[in-house]
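# Take a look and give me a structure for this.
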Amino acid sequence: MKRFIPFMSSDPVVAVVRLSGMIAAGPRGLNDEGISGAIEKAFSRGKPKAVALVLNSPGGSPAQSALIAARIRRLADEKKIPVFAFVEDVAASGGYWLATAADEIFVDSNSIVGSIGVISAGFGFHELIERYGVERRVHTAGNSKSFMDPFRPEKPEDIARLKDLQEKIHANFITQVTERRGAKLPEGRDLFTGEIWVGGSAIEVGLVDAVGHLKPVMQDRFGKKVKFTIYGPRKSLLSRFGAQVIGQVEERALWARYGL
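Numbering: from 1, shown residues only. Below you'll find the predicted structure:
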């Protein structure tokens, strides 16, 4: 009720946005469309002293990672509101891209961060279908329309094209990290090989700022009476009723890369 009583100051408020899970377009993943409403509300409702991002993501889509991070930075600059990131289990690959949207990044001693690289994985089924007498029929207009077809043998030109695409995305990732972390990164050390770091070791290489958890860090910055307002992504009907199963194997594979 304090905010409705004249001459009485309100307790400081920190808006908390949870960014959790595989980053992917569509209803199954964390993406800009699904989280945009929560981010917009976090920056605009109740005059928050700060926005805190609670991160737990093994990565995923580079485009969705960039879109979410860009939205956070745009609002932070417009509203002049500081942003803090708090990593739980992991903020790797696209998850770390999201973390770089913050002005400061905090981790648990056991948090995994990094994996600044680009990966593409798939399967080749051409020998399997040949063994069972299955004929693959593909007709295209355009030489590259059957690019990386899993039912055909890999072509050297397809691999070269994929590598080129990966290098361009990797360069964008490196630019994001260097622009956001700046002088905090050590000179002469290549942090962009896909390597990962745990807790304090990530501090040593400048990828994060300190070990710290949401409540005590925010209380230290804004006082013991700081309040937290939680914002989350919009859930689809399929997600709410537990009927969404597409992509679960892919997501489990992403988490498993970090032993989770």
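
# quick one: contacts for the residue nearest to Ala25 when sequence neighbours are not counted?
Nearest residue to Ala25 in three dimensions, chain neighbours excluded: Asn31, at 5.2 Å (C-beta to C-beta, 6 or more residues apart in numbering). Glycine gets a C-beta too; all of them are placed from N, C-alpha and C. The neighbours of Asn31, taking C-beta atoms under 8 Å, 6 or more residues apart in numbering as the test, are Ile23, Ala24, Ala25, Ser61, Gln64, Leu67, Ile68.

# so the fifth one sits right up against Gly34, yeah?
This means Gln64. No: applying C-beta atoms under 8 Å as the test, Gln64 and Gly34 come out as separate, 9.4 Å apart.

# what about the stretch 51-200 of the chain, any weak spots by pLDDT?
For the stretch 51-200 of the chain, the stretches flagged by pLDDT under 70 are 118-130, 132, 135, 137-153, 158-159, 162-164.

# Now do the strands in the protein.
Taking DSSP state E to define them, one finds strands in the chain at 13-20, 50-57, 83-92, 104-107, 112-114, 196-198, 210-211, 227-231.

# and of those, who's closest to Arg180?
Each of the strands of the chain was checked against Arg180 via C-beta to C-beta, and the shortest separation belongs to strand 104-107, namely 9.4 Å.

# by contact count, what packs against that closest one?
Strand 104-107 makes packing contacts with strand 83-92, strand 210-211 when contacts are defined by 3 or more C-beta pairs under 8 Å, 6 or more residues apart in numbering; DSSP states H and E.

# one step back: now that we have the strands of the chain, can you turn them into a markdown table and tack on mean neighbour count and distance to Glu157?
Conversion of these to a markdown table gives the following (neighbours: other C-beta atoms under 10 Å; distance: least, C-beta to C-beta, whole Å):
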| stretch | mean neighbour count | distance to Glu157 |
| --- | --- | --- |
| strand 13-20 | 22 | 38 |
| strand 50-57 | 24 | 34 |
| strand 83-92 | 25 | 31 |
| strand 104-107 | 25 | 40 |
| strand 112-114 | 26 | 32 |
| strand 196-198 | 18 | 32 |
| strand 210-211 | 14 | 47 |
| strand 227-231 | 15 | 46 |
